[in-house]
Structures are given as C-alpha cells and as structure tokens.
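**Q** how would this look folded up:
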Amino acid sequence: MNYQLLDPLRPEEYAALEADIRQRGVLIPVERDENGDLLDGHHRTEIAERLGIPCPEIVRSFATQQEKREHVIKINLARRHFDAIRWGRAFALLLEERGIPIGKGKVNQHTRASATVAEAAAEVGVPERTARARVAQARKYDEIKSVAESAPDNEDLQKLVEQMDLTGKVNGTYKQFKKLQAVAQIAAEPPPLPDGPFRVIVIDPPWHYEKRSEDVSQRGAIPYPSMSLDEIAALPIASMAAEDGTLWLWTTNAHLFDCPQLLSAWGFTHKTVLTWGKDRMGCGDWLRGQTEHCILAVRGQPVVELTNQTTLLTAPVREHSRKPEEFYQLVEALCPGSKVELFQRAPRLGWIGHGNEMTRFAS
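**A** Next up, the predicted model:
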C-alpha cells in the first residue's frame with residue numbers, strides 16, 4: 001500500500017537530499033509497517049537504492065489504518081522543512097483523517113471542531129492559531145493556482161500567481177484574486193433584455209446538458225453558463241413580442257420535446273420545424289448529431305412572405321453554437337419588421353441583439 005500521502009520533494013530539495021546522502025549516507029532510518037510497506041522515507045529509499053548505499057529501517061505496528069496514516073503525516077509535519085503552504089496542506093490532511101470539518105476558506109470554527117484542531121496542533125508542536133492560519137493560506141493558494149491553471153491565457157491571473165510565488169504572501173494576493181473574479185462575473189452578466197415589441201424574435205437558449213455539465217473533458221461540454229428549462233420558460237418573451245409576431249426557437253435533438261412547454265409559457269403556437277443539415281457531425285449519446293432544429297411559431301396573424309423556402313437548411317458549421325448566415329437570410333426574406341435575437345453570438349445589421357458574447361466574433 002502506498003503511504004506517500006504528502007507532496008513529493010521539489011527538484012531542488014530532492015537534489016540537496018541526494019547530495020547529502022551521497023556524502024554522509026542515510027542518517028535517518030526509513031520506517032516500514034508490519035507488512036513491509038514503506039511508511040516514511042520514500043525519497044531516501046529511492047536515492048539509496050540508486051546509489052547502492054545501505055538504508056537503515058525501523059518497523060512499526062499500528063492498531064488501525066487511520067493511526068498509521070496519521071503517524072505518517074505527523075512525522076513529516078515535525079521533521080520536514082515545510083513552508084507555510086505545504087505545512088497547511090499536510091495539517092489539513094491530518095484533520096481530514098480525523099473527520100474534522102474544514103470549510104473552503106478556513107477551518108470550521110464549531111466548538112468541538114475547535115477543540116480537536118487545538119489537540120492536533122498541540123501534537124505537532126504548533127499553536128492552534130498558527131495551524132488555522134496556515135491551513136487557510138494553503139487553501140487560498142491552491143484555489144488561486146487551480147483557477148490560474150484552468151485559464152492559462154489570463155495574464156492577470158498568471159501575474160497573481162507569479163506575485164504570490166515570488167513574495168510568499170497569499171492573503172493580499174487572494175484579495176486581488178477575489179476582486180478579479182468579481183469583475184469577471186460582472187462582465188459575464190448579460191445586458192438587460194430589450195423592451196420591444198418586436199415582430200420577429202430569434203432565440204437560441206443555453207440548454208442545460210446534465211450528463212456533461214460537470215465534466216469539461218466531455219466532447220459535448222459547453223463553454224458558457226447554461227439555464228434550466230424553467231429558467232428559460234421564465235424569460236419575458238411574451239412581453240417582448242408584438243401582438244402579431246413570429247418566433248424562431250432553436251433546439252437540439254436532445255431538447256426538441258421540451259419546446260412545447262416553452263411555446264406554451266410564451267403564448268406562441270407551433271407551425272413548422274426548420275432543420276439545419278450540417279456539413280459535419282457533432283456529439284451524441286445514441287447517434288452522432290448532424291442536424292439542429294429551429295421551430296417556427298406565431299402569435300396573432302403575422303405577415304410571412306413565403307415563396308419557395310423549405311424546411312431544410314443546408315449550411316456549414318461555424319463556431320460553437322453560432323448559426324449559419326443562410327438562416328438569417330431566410331428569416332429576413334420571410335419576416336418583415338423589427339427583429340431581435342436573444343443569446344446572440346455576433347451582431348447583425350438591422351437586428352437588436354442580446355447576449356454576453358456578441359463581440360467575440362466578427363459579423
């Protein structure tokens with residue numbers, strides 16, 4: 001069983017340990033359990049075996065696996081020259097082994113938890129206040145690093161990491177980090193919905209896909225915030241639409257049968273379905289998707305200038321979720337009057353657009 005529970009040595013630390021062992025041998029015995037599994041001294045053992053140097057050993061026995069794992073963590077806390085961040089990570093692991101609740105930002109301040117944190121801190125010879133502060137620092141540091149690693153092109157985040165690593169100061173950097181997050185969240189908020197009334201409404205809702213929403217590695221993962229069916233239905237489409245208006249509702253195969261609920265909520269009547277046949281296939285749980293659909297619905301008696309248009313639209317795929325130029329040409333040919341597109345991906349001359357990604361692509 002592997003009992004290397006803590007972070008491995010950094011390259012410079014490993015090199016220093018190897019140089020010391022090469023010069024003086026292994027001075028601190030490694031520890032194994034009653035089964036021969038290595039508890040402590042993974043780096044020493046590896047280096048000694050590679051150099052052909054004897055490695056003294058101590059065998060210890062424990063009543064439980066938890067007792068064994070706690071011992072591994074505690075001897076490292078007492079002996080390793082950890083900085084505050086790595087010490088905090090190790091101490092947090094010790095608390096987790098004991099089932100002591102730890103919040104995202106700081107250790108839970110519940111009375112019993114506080115007592116057990118104090119006991120654990122005393123066992124490794126550190127004041128409780130110091131232990132709590134180091135755990136909080138470690139969690140802040142790891143949060144910043146994790147977000148920065150997921151956004152390598154964000155220069156502001158990368159500068160924060162560099163600043164944090166250079167100065168060793170986490171709390172001040174964390175305040176800047178939270179401010180950046182708040183600014184990004186505000187920037188991502190969609191602008192207020194336009195009032196209308198509009199004779200033509202096109203909407204491409206950010207449908208929610210439960211199977212892929214939590215796994216960004218999935219082929220069908222979406223790069224924008226999604227909405228539930230109830231949230232989409234609550235959009236004020238009815239108040240934005242003219243009394244005699246048309247609605248074009250985009251949907252995928254997965255949500256095709258959710259559309260009647262939306263039309264009912266918005267006060268529109270289904271008329272027909274336009275199908276977009278794409279030039280390449282996408283994802284899918286049963287069949288790989290190569291079509292997308294747009295429901296044409298009406299309320300009142302809108303004017304529609306139909307000539308020879310059909311229910312099939314053949315056009316190439318563009319950026320994720322961006323609809324083909326041929327679709328807009330079709331709508332403009334069929335439906336006169338004021339037009340609005342909700343969750344618009346790119347601005348279009350003569351249309352009112354609503355969406356937080358309109359400037360992402362050139363029109």
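
**Q** helices or strands up against the helix or strand harbouring residue 270?
**A** Per DSSP states H and E: residue 270 is located in strand 269-277. Using 3 or more Cβ pairs under 8 Å, 6 or more residues apart in numbering; DSSP states H and E as the contact test, the elements touching strand 269-277 are helix 259-266, strand 291-299, strand 312-314, helix 325-334. Using the backbone N, CA and C atoms, a C-beta is placed for each residue, glycine as well.

**Q** make JSON lines out of those and add distance to residue 77, mean pLDDT and mean neighbour count.
**A** Listed next are these as JSON lines, based on distance: least, Cβ to Cβ, whole Å; pLDDT from 0 to 100; neighbours: other Cβ atoms under 10 Å:
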{"stretch": "helix 259-266", "distance to residue 77": "57", "mean pLDDT": "97", "mean neighbour count": "17"}
{"stretch": "strand 291-299", "distance to residue 77": "56", "mean pLDDT": "96", "mean neighbour count": "20"}
{"stretch": "strand 312-314", "distance to residue 77": "65", "mean pLDDT": "94", "mean neighbour count": "14"}
{"stretch": "helix 325-334", "distance to residue 77": "62", "mean pLDDT": "95", "mean neighbour count": "16"}
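
**Q** take these and write them to JSON lines, including distance to residue 47.
**A** Listed next are the helices and strands packed on strand 269-277 as JSON lines, based on distance: least, Cβ to Cβ, whole Å:
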{"stretch": "helix 259-266", "distance to residue 47": "65"}
{"stretch": "strand 291-299", "distance to residue 47": "59"}
{"stretch": "strand 312-314", "distance to residue 47": "65"}
{"stretch": "helix 325-334", "distance to residue 47": "64"}
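
**Q** closest one to residue 249 among these?
**A** strand 291-299 (4.5 Å; Cβ to Cβ).

**Q** run through who's touching that closest one.
**A** Residues outside strand 291-299 that contact it (Cβ atoms under 8 Å, 6 or more residues apart in numbering) are 241, 243-253, 256, 259, 263, 267-278, 304, 327.

**Q** could you do stretch 17-36 as well?
**A** Taking Cβ under 8 Å, 6+ apart as the rule, stretch 17-36 contacts 1, 3, 9, 38-41, 43-45, 47-48, 51, 53-62, 68, 75, 79.

**Q** buried among those? Make that a ChimeraX selection.
**A** To isolate the buried members of these in ChimeraX, using 16 or more other Cβ atoms under 10 Å:
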select :3,38,39,40,41,43,44,45,47,48,55,68,75
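
**Q** for the biggest strand by length in the chain, packing partners?
**A** The longest strand of the chain (DSSP state E) is strand 241-251. Applying 3+ Cβ pairs under 8 Å, 6+ apart, one finds that strand 241-251 contacts strand 198-203, helix 259-266, strand 291-299.

**Q** ok, now which ones touch residue 119?
**A** Listed by Cβ under 8 Å, 6+ apart, the contact set of residue 119 is empty.

**Q** separation between it and residue 288?
**A** Residue 119 is 57 Å from residue 288, where distance means Cβ to Cβ, to the nearest Å.

**Q** so where's the protein shaky on pLDDT?
**A** Within the chain, the ranges that satisfy pLDDT under 70 run 1, 80, 101-115, 186-191, 209-225, 319-321, 356-363.

**Q** what about the helices in it?
**A** Secondary structure of the chain (DSSP state H): helices located at 11-24, 42-51, 65-79, 84-97, 111-123, 128-150, 155-167, 171-188, 229-233, 237-240, 259-266, 325-334.

**Q** okay if I get the ones you listed as a markdown table plus distance to residue 208?
**A** Formatted as a markdown table, the helices of the chain follow (distance: least, Cβ to Cβ, whole Å):
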| stretch | distance to residue 208 |
| --- | --- |
| helix 11-24 | 44 |
| helix 42-51 | 45 |
| helix 65-79 | 40 |
| helix 84-97 | 32 |
| helix 111-123 | 36 |
| helix 128-150 | 21 |
| helix 155-167 | 27 |
| helix 171-188 | 17 |
| helix 229-233 | 8 |
| helix 237-240 | 18 |
| helix 259-266 | 13 |
| helix 325-334 | 23 |
